[in-house]
Every structure is written in C-alpha cells, then in structure tokens.
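> here's my sequence, what's the structure:
(one chain, ligands or ions: 1)
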Amino acid sequence: MNNNFRLLLSLVTLLLVLLISGFSFILVNQHITTKEKEEQRWEWCGTPDPQYDSPLYAKGEALFKAKCASCHNKNMKADMTGPALGGVLERWNGDTTKLYSYIRNWAVYTKTTNDPYAIELENWDPSVMQVFPELTDEDIDAILSYINNTYMY
Ligand code: HEC
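Sure, this is the predicted structure:
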C-alpha cells in the first residue's frame, strides 16, 4: 500500500466515524425530546391526545365561547376578569364533584362547604362569576376538554 492510499483510507474512516456519531447524537436527542413531550402530556391526568376533531372538544369550545370567554381568556394562560383556566382540574386536586358544583353555582358551593380554596377564590377579584345551573356534567366535561386541549397544545 502506498502512503497516499493509506492517508485516504484513514480520512474515509475518520469521516465515517464522525457521520455515525453525528447520527446517533441526533437519534438520541430526538428520543429524549419525544419522551419529554410524552411526559408533559401526562402531567394532566386526562386524555393524552389533542382532540381538536372530537365532538366533545367542539361542544366545549362552543359552550366556552358562549358562556365563559367574556371573563376567562381563550388562551387559558393569561388572567382577565377571571383567572386563567389552564390546569384548573389540578388546582381542584382532580375533584370533579367539587369543581362542577363550583362552576354551576360558586356562591352556593362556597357557602355550603366552606371549602378554603373556594373562599380564597372569592378574594381573587372584586367581580363575581355568573352562575350556570343549566350546565350538565357532560357540558362541563366538554368545557374542561376544551380548556385542557387549548392549554396543552
Ligand atoms: C362574569 C365573569 C365570569 C364568567 C362569565 C365566568 N367566570 Fe369563572 N370566574 C370569574 C371570576 C371573577 C373568578 C374568580 C373568583 C371570584 O373572584 O369570584 C372565576 C373563577 C372560576 C374558576 C375557579 C378557577 C380556579 O383556578 O380554580 C373556574 C373553574 C371558573 N371560573 C370556570 C368558569 C366557567 C367554566 C365559566 C363558563 C361556563 C365561567 N367560569 C364563566 C368570572 C367569570
């Protein structure tokens, strides 16, 4: 083997090694980011996938825009007259019974339960929330689905 050929061979080997390590770096990196995304999705212990096309989401969107959006920001992240609703179920420790009663009638809920969190909420803003006795559990499920999907994705 002459020297030129040897030099070429080692250059090609070096190039291959660089290529392979570069690729594996990209692969590992991608794996980590998808894994992290997956974990973030599961932080809210509900449906993990976006539901933009589901009937529940569409119903929730319509209800939210008609009844809630005048006081609660549609991006679910910034406060308006009412607090941002993103992550609301966690703030109620996943207790839908309490949260749903609060949404239907916060005043009755707060007076009858003396829930310290609801009392704390009363001081959030001098303005008060409307009452929505007409909302069924399915209506509120839909609203929460809309809230969570808008907040997460
Ligand atoms: C007239 C304004 C107004 C409307 C309309 C309104 N809210 Fe509110 N909401 C508030 C205010 C203000 C608060 C904060 C509590 C307080 O100051 O009484 C609040 C608080 C809340 C909370 C508690 C937030 C938390 O972080 O625990 C939830 C849940 C909520 N609203 C859901 C809704 C839903 C769902 C609708 C629509 C069906 C709605 N609100 C419509 C004004 C409103």
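> use CA for all of it now, contacts and neighbours both
Fine.
> let me see the domain layout of the protein.
Per the record's domain assignment (automatic domain parsing), the chain is made up of the domains 1-43, 55-152.
> any part of the last one near the ligand?
Going back to what we said before, that points to domain 55-152. Yes: contact between domain 55-152 and the ligand is present through 64, 67-68, 70-71, 81-83, 85, 88, 91, 103, 121-130 (criterion: Cα under 6 Å from any ligand atom).
> show me how to select, in ChimeraX, the buried members of those residues.
ChimeraX command restricting the residues of domain 55-152 next to the ligand to the buried ones, with burial defined by 16 or more other Cα atoms under 10 Å:
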select :64,68,71,81,82,83,85,88,103,122,129
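> now, the residues of domain 55-152 next to the ligand that are in helices?
Where these overlap with helices, as defined by DSSP state H, the overlap consists of 88, 91, 103, 121-122.
> now the residues you listed in a markdown table, with pLDDT?
A markdown table is the format used below for these (pLDDT from 0 to 100):
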| residue | pLDDT |
| --- | --- |
| V88 | 97 |
| R91 | 97 |
| I103 | 98 |
| L121 | 96 |
| E122 | 93 |
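> quick one on the thing from earlier: any idea which of the domains of the chain is most buried?
domain 55-152 (a mean of 16; mean count of other Cα atoms under 10 Å).
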